[in-house]
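>>> Quick check, what structure comes out for this input:
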Amino acid sequence: MILSIILIFALHQIKNYGVVADIDDVSGQLTLIRVYYNMPGLSAVAFKKGEIIAQGASGYRRQGDLSPLLVTDPINLGSCSKWMTATVAGRLVDQNILSWTTQVHECFPNYNSFNSAFRNATLEQFLAHRSGVQQSTTFYSRHLSELLLQKGSFRQIRYWVAETVLKDAPEVQPGEFLYANQGYAVAAAMMEQITGRDWESLIQEYVFNPLDMTSAKIGLVYNQTMPPMTPVGHDLPFNHTVAIPRPVPSAILLYNDQAATGPAGYIACTLQDWAKFLHAHVIAQSTGYLTAETAAKLKRPFIGVEGYGLGVAAYNRSWATPGQALVHSGDIFGQDTVFWMTPGRDLIVAAYTNCRSDDKSTGLALDNAAGMLIGKYANNSTKNRIVFHDSIVLDHLSILPRDA
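Sure thing, here's the model as predicted:
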């Protein structure tokens with residue numbers, strides 16, 4: 001009974017996020033960045049010691065329409081969803097429902113039909129992109145037409161995806177790093193097989209609900225409605241300065257691809273709710289959201305001192321000490337995101353733009369927005385701004401795959 005009361009109190013602490021009265025509005029600075037890089041819209045938030053200390057938005061939800069992009073708009077996180085899926089796995093590990101080393105042959109009764117290289121592949125290898133399973137471009141070039149013909153629930157189609165990629169030969173030697181969205185589909189299918197529940201309900205129970213992420217959903221945030229009620233994805237071709245709105249994919253593609261890619265990239269929410277999730281990893285041990293062992297594992301590289309871990313990358317950066325900087329980016333539906341955070345200083349910054357560029361403009365806009373916020377707040381010991389600092393030069397484009 002006492003443990004139950006402590007856990008309820010701890011989860012209440014996770015939900016009890018505040019917004020300081022004198023929150024900094026950085027919309028003006030974001031405008032300078034947005035215009036320079038030809039983005040239709042750009043927004044960002046800074047979160048420190050459990051409170052939003054700065055946020056802002058600039059530009060429009062859709063190119064050619066005057067509806068402004070709002071800092072409270074729901075956004076597609078893309079591959080920043082991966083850490084959430086890895087967190088579900090971590091919570092299941094903490095409950096002794098499965099382990100990081102749970103193997104393929106323990107989850108799939110038909111494993112003998114799979115390529116033998118995957119028989120002993122583990123859950124954590126799929127989450128760390130170390131299983132050898134094929135990358136997305138390979139999967140879609142080989143199997144897109146078959147994927148679109150699949151019928152059934154998300155879980156049923158996801159099982160087919162897992163079977164399909166596990167029957168193919170590894171694209172790289174197991175143990176070697178290869179960024180693979182369908183590896184997350186396999187990881188989700190493994191969790192589904194063990195729990196008897198679909199990934200969609202697991203992410204709701206283990207992430208959205210306890211963290212009070214009321215805006216969180218799975219799937220595309222925009223439609224064809226005019227004026228747009230949410231941010232619309234765009235593309236910026238090479239040598240263009242005006243972004244082109246991206247059409248909404250077909251219902252069949254969205255449904256079936258959620259099964260294939262959802263655990264790797266289909267989560268959407270507001271910047272504020274996203275910050276709740278990121279901050280939950282800063283305070284996970286003290287609140288009981290994760291055990292100390294799991295909380296630490298989910299914030300470090302899988303192999304070595306720096307690099308990709310389980311849904312997040314960890315790198316040494318002077319502004320992040322003590323400890324490392326954590327980073328991930330996302331790109332889906334013509335919407336791009338990045339977060340950088342320093343658990344040692346309890347600072348989180350996240351940035352979003354509703355545009356994917358063929359060149360580096362999108363990534364540079366996001367890193368400049370995040371760097372501006374880190375420069376202002378990383379060296380401050382209090383929750384509020386004391387003095388303006390120079391922007392930090394960030395480099396997520398050089399350390400994460402383009403489709404991350």
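>>> going forward, measure contacts between C-alpha atoms and count neighbours the same way
OK.
>>> Now do the longest helix seen in the chain: which elements does it pack against?
In the chain, with assignment by DSSP state H, the single longest helix is helix 361-377. Contact partners of helix 361-377 among helices and strands, from 3 or more Cα pairs under 8 Å, 6 or more residues apart in numbering; DSSP states H and E: helix 27-36, strand 41-48, strand 335-342, strand 347-353, helix 396-399.
>>> In JSON lines: those, plus mean neighbour count, distance to Gln125 and mean pLDDT.
As requested, the helices and strands packed on helix 361-377 are arranged in JSON lines below (neighbours: other Cα atoms under 10 Å; distance: least, Cα to Cα, whole Å; pLDDT from 0 to 100):
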{"stretch": "helix 27-36", "mean neighbour count": "18", "distance to Gln125": "38", "mean pLDDT": "98"}
{"stretch": "strand 41-48", "mean neighbour count": "28", "distance to Gln125": "31", "mean pLDDT": "97"}
{"stretch": "strand 335-342", "mean neighbour count": "27", "distance to Gln125": "23", "mean pLDDT": "96"}
{"stretch": "strand 347-353", "mean neighbour count": "30", "distance to Gln125": "27", "mean pLDDT": "97"}
{"stretch": "helix 396-399", "mean neighbour count": "14", "distance to Gln125": "19", "mean pLDDT": "66"}
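>>> With respect to Asn256, which of those lies nearest?
Nearest to Asn256 among these is strand 335-342 (19.7 Å), distances taken as Cα to Cα.
>>> hmm, who's touching the closest one?
Contacts with strand 335-342, where a contact means Cα atoms under 8 Å, 6 or more residues apart in numbering, come from 75-78, 80, 232-234, 320-321, 323-331, 347-356, 362, 366-367, 370.
>>> From those, list just the buried residues.
75-78, 80, 232-234, 320, 323-331, 347-356, 362, 366-367, 370 (16 or more other Cα atoms under 10 Å).
>>> circling back to that earlier point, possible to save the helices and strands packed on helix 361-377 as JSON lines with distance to Glu171?
Output for the helices and strands packed on helix 361-377, formatted as JSON lines (distance: least, Cα to Cα, whole Å):
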{"stretch": "helix 27-36", "distance to Glu171": "38"}
{"stretch": "strand 41-48", "distance to Glu171": "36"}
{"stretch": "strand 335-342", "distance to Glu171": "27"}
{"stretch": "strand 347-353", "distance to Glu171": "32"}
{"stretch": "helix 396-399", "distance to Glu171": "21"}
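>>> and of those, who's closest to Leu70?
It's strand 41-48; of those, that one is closest to Leu70 (Cα to Cα) at 7.7 Å.
>>> other SSEs contacting the next helix or strand after the closest one?
Once the chain leaves strand 41-48, the next helix or strand it forms, by DSSP states H and E, is strand 51-59. With contacts taken as 3+ Cα pairs under 8 Å, 6+ apart, strand 51-59 sits against strand 18-25, helix 27-36, strand 41-48.
>>> Is it possible to get JSON lines of the ones you listed that adds distance to Met190?
Listed next are the helices and strands packed on strand 51-59 as JSON lines, based on distance: least, Cα to Cα, whole Å:
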{"stretch": "strand 18-25", "distance to Met190": "37"}
{"stretch": "helix 27-36", "distance to Met190": "41"}
{"stretch": "strand 41-48", "distance to Met190": "34"}
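>>> burial count for the closest residue to Lys49 other than its chain neighbours?
In space, and not counting its chain neighbours, Lys49 is closest to Asp346: 5.6 Å by Cα to Cα, 6 or more residues apart in numbering. For Asp346, the tally of surrounding residues (other Cα atoms under 10 Å) stands at 18.
>>> I figured Asp346 hits Glu51, correct?
No: counting by Cα atoms under 8 Å, Asp346 stays clear of Glu51, with 10.2 Å between them.
>>> wait, doesn't Gly90 sit right on Leu290?
Yes: assessed by Cα under 8 Å, Gly90 is found in contact with Leu290 at 7.4 Å.
>>> In terms of neighbours, single out the busier of those two.
Neighbour count, other Cα under 10 Å: between Gly90 and Leu290, Gly90 has more, with 26 against 23.
>>> Please identify the helix or strand for the more buried one.
helix 82-94.
>>> cool, and Ala314?
Per DSSP H and E: strand 313-315 holds Ala314.
>>> Which elements pack onto that strand?
By 3+ Cα pairs under 8 Å, 6+ apart, strand 313-315 packs against strand 307-308, strand 325-332.
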